[in-house]
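1. Got a sequence here, can you model it:
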Amino acid sequence: MNILNFIKNNIFKSKLNLFLFIIFFSILGLIFIFQFDYYPVLFINNNIIVAKKVNLNINAALNFYNAYKKIQENQINNDIKLNNLSYNNVKVIVLNELIDRTLIHDELKKRLGDNLNNLVNDKINIFLDKEVENAAFTIYNLNKKDFINEILIPQAEKDILIGRLFLENKNIDDWLKDAKINSKIIILDKRFLWNGQEIILNK
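-> Residues are numbered from 1 along each chain as shown. Below you'll find the predicted structure:
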């Protein structure tokens, strides 16, 4: 008797067993979601940003900043002293950046449809080589896939929209400001607050 027949013959015949079966797998599902950071953190219109994506970008941002700080500190006659960034301050920056990326992506999908992927691939293929991949790992501590998804693609999409807006005598900052006003943005982390324009620390 295979597992499906066992479930059918022994569980589905009893409402209590079925209820316990559903509860058991619901708990397993919740454990998986929280264990691997797949729980939602941010809602941007119809988009869900999960903790895994947020944490990946926070770690990349911290690695980038620390690498930049180290370079500055090793320069001769450098009088610039860079402060350490707190985790929550970096998270504010990342959350706002993810909002921008999502709004830009949605706008380009609306404008370009399936052509967007081809335009983005053409742009990132110009820059992507082994040297860039190695630099991405050193500076951001990202593998190739994450570097493409979190760094190259968002930048390529931003460049494409900047070009489209330029032809319309508009700029990206004004467009983002209007897009945010007309968007529904919800942050689930109580340490942060959406003030209608940006994510800020909830003091």
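2. what helix or strand does the most centrally placed residue in the chain sit in?
-> Centroid-nearest residue in the chain, with CA atoms, centre = their mean: Lys53, separated by 4.4 Å. Lys53 is part of helix 51-74, with elements assigned from DSSP states H and E.
3. Pull out the CA atoms of that helix and give them to me as CSV.
-> Output in CSV follows, covering the C-alpha atoms of helix 51-74 (Å, rounded to 0.1, in the frame of the first residue of the first chain):
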residue,chain,number,x,y,z
ALA,A,51,12.6,38.5,4.5
LYS,A,52,15.0,36.3,2.5
LYS,A,53,15.3,39.0,-0.2
VAL,A,54,15.6,41.8,2.3
ASN,A,55,18.3,40.0,4.3
LEU,A,56,20.2,39.2,1.1
ASN,A,57,20.3,42.8,0.1
ILE,A,58,21.2,44.0,3.6
ASN,A,59,24.2,41.7,3.8
ALA,A,60,25.2,42.8,0.3
ALA,A,61,24.9,46.5,1.3
LEU,A,62,26.9,45.9,4.5
ASN,A,63,29.7,44.1,2.6
PHE,A,64,29.8,46.8,0.0
TYR,A,65,30.1,49.5,2.6
ASN,A,66,32.7,47.7,4.7
ALA,A,67,34.8,47.1,1.5
TYR,A,68,34.5,50.8,0.6
LYS,A,69,35.4,51.8,4.1
LYS,A,70,38.5,49.6,4.1
ILE,A,71,39.7,51.1,0.8
GLN,A,72,39.2,54.6,2.2
GLU,A,73,41.0,53.8,5.4
ASN,A,74,44.0,52.4,3.5
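4. C-terminal to that helix, what's the next element?
-> Proceeding N to C from helix 51-74, the next assigned helix or strand is helix 87-112, under DSSP H and E.
5. Name the residues of the next helix or strand after that following helix that are buried.
-> From helix 87-112 onward toward the C-terminus, using DSSP H and E, the following helix or strand is helix 115-127. By neighbour count on 16 or more other CB atoms under 10 Å, the buried set for helix 115-127 is 116, 120, 123-124. (C-beta placed from N, C-alpha, C; glycine too.)
6. do the same with stretch 196-203
-> Ile199.
7. Equivalent analysis for stretch 157-174, please.
-> Those would be 157-158, 160-161, 164-165, 172, for stretch 157-174 by 16+ other CB under 10 Å.
8. ok, residues contacting it?
-> 100-101, 104-105, 107-108, 111-112, 116, 119-120, 123, 175 (CB atoms under 8 Å, 6 or more residues apart in numbering).
9. ok, of the residues you listed, which one's closest to Leu142?
-> Each of the contacts of stretch 157-174 was scored against Leu142 by CB to CB, and Arg101 proved nearest at 15.4 Å.
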